[in-house]
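Undergrad: Here's my sequence, what's the structure:
(one chain, ligands or ions: 1)
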Amino acid sequence: MRKRYRDTTLEWLLGDKDKPFEYTHHAVLLFTVFLYVLAASVNYYFDLANIYNIGLQMFISLMVVVIWYLSRWKNQFQTMRFLFILVIVLVSIPANWVGNGGSDGPTYLLIFGSLIYISVSFKDLGIFRRLGQLFCIIIPIPLMVLEKLHPELIFKYGDPELKQLDLLITFIIMAVFSIVMMGSLSTRFKLERHKAERLAEKLRSLSEKDYLTGLYNRRILDKEYMAWTQQNQVFSLALLDLDHFKHQNDQWGHNYGDEILKSFSALLQETASRNKGLAIRQGGEEFVLLLPLSLDDTYRELKYLAESFRTTDLAHGPVTFSAGIAENTATDNQNDLLKRADKLMYQAKDAGRNRICR
Ligand SMILES: Nc1nc2c(ncn2[C@@H]2O[C@H](COP(=O)(O)OP(=O)(O)OP(=O)(O)O)[C@@H](O)[C@H]2O)c(=O)[nH]1
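TA: Below you'll find the predicted structure:
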C-alpha cells in the first residue's frame, strides 16, 4: 500500500518510468528547486550573500518550478531541457559569481555541478553536450576579467569564517547533487534496460502469436514439437480445417469470416488450456491442436469441441470443421506426424466434412 502510494507520487512528480530521460530530468529539476530554496535560506540566515543574490536564487527556483511544470505537464521536455541549462549557465552561474564572493566563493563548485549535469543529461545530444561542456570550462575566464575590471560589483565576505561556511555548505550540496546525478544515470540505464527487455519480450511474443486470433502461429510448432518429444510424453496432433469457409467469406464478407475465426480460436484455446496443450493457427482457416493426450482422448476432446462450435451463436448459423488426429510415435518426426494428420483431415473432407478422422 505504502509502495503504491510512493509509486503514484513519484509518477505524478517525475512522469512515466518508461521515458527514462524525462523521468530523471524531472528528478533533477525538483532537486535543483530544493537546493536553491535551501541555499537561499542558508545565505539569508548566515548573511552569506547580498539580498539581491538571495532574491535571484528564489527567482531561479521559481523558474525551475515553471520549467518542471511545462516539461512534466505540457509535453515540452526537449525545449525545457535546453531552457534549464540556459538558466543555469547564463543566469545562475554569473549571478552566483557576482553575489557570492567571485573567484573567492563557491561558484567553481556550481560550475562543476553544471558540467556533471550537462554531461549526464545531454548524453543523447552530442554537439549540444560538447558546447555545454566547453561553456562550463571557459565561463570562469570572462567572470574573472569582470572581477578584475569591476571589483566593486563582487560581493565580498565580511568574515573569513563565513566564506569557509559557504564553501563547505556548497561543497556538501554539490557532493549530494553529484551522487544524485550518478544515481540518476544508473537509474536511467536500469530503466532503459527494463524497457529494452520488455520490448524484446513483446517482440518475441508478437513473432510467435497470430495477430487476428491471438493463438500461436506455426513458428512455435517446431520448438514445441522438439520439447514435447524430449519429454518422452504421449501426445497427439490434431489438424482442423473449417468447412466451406470461402463460402462464408463470399456470402457474408471478410469481416464476418474473421469473426468466425476468432470464435473458433477461442474454443481451441479453451481446449488447449484445459488440457495443458497448445492451440496454433497454421494459416488461413487451418489450425493445429497439440494435446498431451492419447489418440482416443484427443478424439473425445475434438468431439466436445465440435459440439461447442456447433452451438456457438454465430450470426449466420453454425459452421463446422473437419479434422484429422495422429498420435506421436517413437519413430515419428514432426513432418511425419503432420503428414498423417493432414491425410486424415483430407479423408474427413472427402467423406463429406464435419467429421473427425483418426
Ligand atoms: N476472413 C478471413 N478469411 C481468410 C483468412 N485467411 C484465409 N481466408 C480465406 O479462407 C478461405 C479458404 O478457402 P478454401 O481453402 O477454398 O477452403 P474452404 O472454402 O474452407 O473449403 P474446404 O476447406 O474445402 O471446406 C479463402 O477464401 C481465404 O481467403 C482470414 O484471415 N480471414
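
Undergrad: Work out for me the element L289 sits within.
TA: If you go by DSSP states H and E, L289 is part of strand 286-291.

Undergrad: cool, Y299 as well?
TA: Element membership of Y299, judged by DSSP H and E, is helix 295-310.

Undergrad: Going by proximity to the ligand, name the top residue of the stretch 1-150 of the chain.
TA: D18 (32.3 Å; C-beta to the nearest ligand atom). For the C-beta atoms, the positions are set from N, CA and C on the backbone; glycine is no exception.

Undergrad: Can you classify that residue as helix, strand or coil?
TA: Put simply, D18 is coil when judged by DSSP: H, G, I helix; E, B strand; the rest coil.

Undergrad: and what of L212?
TA: Assigned by three-state DSSP, the conformation of L212 is coil.

Undergrad: Tell me both backbone torsions, phi and psi, for it.
TA: L212 has phi and psi values of phi -70, psi -50 when expressed as degrees, to the nearest 10.

Undergrad: how deep is it tucked in, by neighbour count?
TA: Using other C-beta atoms under 10 Å, the number of residues around L212 comes to 11.

Undergrad: right, and it touches S263 too?
TA: No - L212 is beyond contact range of S263, at 11.8 Å (criterion: C-beta atoms under 8 Å).

Undergrad: Which residues of this structure lie near the ligand?
TA: Applying C-beta under 6 Å from any ligand atom, one finds that the chain approaches the ligand through 212, 241-247, 249, 254, 257-258, 261, 284-285, 349, 353.

Undergrad: returning to that earlier point: name every strand pairing with the strand holding L289 and say which way it goes.
TA: Sheet pairing here is set by DSSP bridges, and for strand 286-291 it gives strand 236-242 (antiparallel), strand 278-283 (antiparallel).

Undergrad: Is it possible to get a markdown table of those strands that adds mean pLDDT and mean neighbour count?
TA: As requested, these are exported to a markdown table (pLDDT from 0 to 100; neighbours: other C-beta atoms under 10 Å):
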| stretch | mean pLDDT | mean neighbour count |
| --- | --- | --- |
| strand 236-242 | 97 | 25 |
| strand 278-283 | 94 | 21 |
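
Undergrad: With distance to T9 added, can I get those strands in a markdown table?
TA: Listed next are the strands paired with strand 286-291 as a markdown table, based on distance: least, C-beta to C-beta, whole Å:
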| stretch | distance to T9 |
| --- | --- |
| strand 236-242 | 52 |
| strand 278-283 | 43 |
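
Undergrad: Per-residue confidence, the closest residue to the ligand within the stretch 201-350 of the chain, what does it come out as?
TA: Distances between the stretch 201-350 of the chain and the ligand by C-beta to the nearest ligand atom are smallest at G257, namely 2.5 Å. On pLDDT, G257 comes in at 96.

Undergrad: Helix or strand: which one has it?
TA: Take DSSP H and E as the rule and G257 turns out to sit in helix 254-274.

Undergrad: Distance from that helix to the middle of the chain?
TA: Distance, stretch centre to chain centre, for helix 254-274: 31 Å (C-alpha atoms, centre = their mean, to the nearest Å).

Undergrad: Go through that helix and flag the buried ones.
TA: By neighbour count with 16 or more other C-beta atoms under 10 Å, helix 254-274 contains the buried residues 257, 259-261, 263-269, 271-272.

Undergrad: residues making contact with that helix?
TA: 212-215, 240, 242, 245, 248-249, 277-279, 281, 285, 287, 289-291, 301, 304-305, 308-309, 312, 314-316, 319, 321 (C-beta atoms under 8 Å, 6 or more residues apart in numbering).

Undergrad: on that earlier part again, mind listing what the residue of the stretch 1-150 of the chain closest to the ligand touches?
TA: Here D18 is in contact with 191, 195 (C-beta under 8 Å, 6+ apart).

Undergrad: Try it again at 7 Å.
TA: With contact taken as C-beta atoms under 7 Å, 6 or more residues apart in numbering, D18 is in contact with K195.

Undergrad: now swap in L302 and tell me
TA: Taking C-beta under 7 Å, 6+ apart, we find L302 in contact with 238, 323, 325, 356.

Undergrad: Tell me which of these fall in strands.
TA: Counted as lying in strands by DSSP state E, out of the contacts of L302, are 238, 323, 325, 356.

Undergrad: What's the separation between the residue of the stretch 201-350 of the chain closest to the ligand and A315?
TA: Applying C-beta to C-beta, to the nearest Å, the value for G257 to A315 is 12 Å.

Undergrad: Give the next helix or strand downstream of the helix ranked longest in the chain.
TA: Looking across the chain with DSSP state H, the single longest helix is helix 160-208. Beyond helix 160-208 on the C-terminal side, the first helix or strand identified by DSSP H and E is strand 216-217.

Undergrad: The helix or strand that that next one is followed by versus strand 278-283: what angle between them?
TA: Sequence-wise, the next helix or strand downstream of strand 216-217 (DSSP H and E) is helix 219-230. Interaxial angle, helix 219-230 versus strand 278-283 (axes from the mean of the first three to the mean of the last three C-alpha atoms, to 10 degrees): 140 degrees.

Undergrad: what pLDDT, on average, does helix 219-230 get?
TA: For helix 219-230, the mean per-residue pLDDT is 88.

Undergrad: Mind listing residues that contact that helix?
TA: 207-208, 235, 278, 280, 288, 290, 328, 334.

Undergrad: what's the offset of that helix from the middle of its chain?
TA: Distance, stretch centre to chain centre, for helix 219-230: 30 Å (C-alpha atoms, centre = their mean).

Undergrad: And for stretch 29-43?
TA: 32 Å.

Undergrad: who's the residue nearest to F287 when sequence neighbours are not counted bridged to?
TA: Using C-beta to C-beta, 6 or more residues apart in numbering and skipping residues adjacent in sequence, the residue nearest F287 is L240, 4.6 Å away. On the basis of DSSP bridges, L240 takes part in beta bridges with F287, A323.
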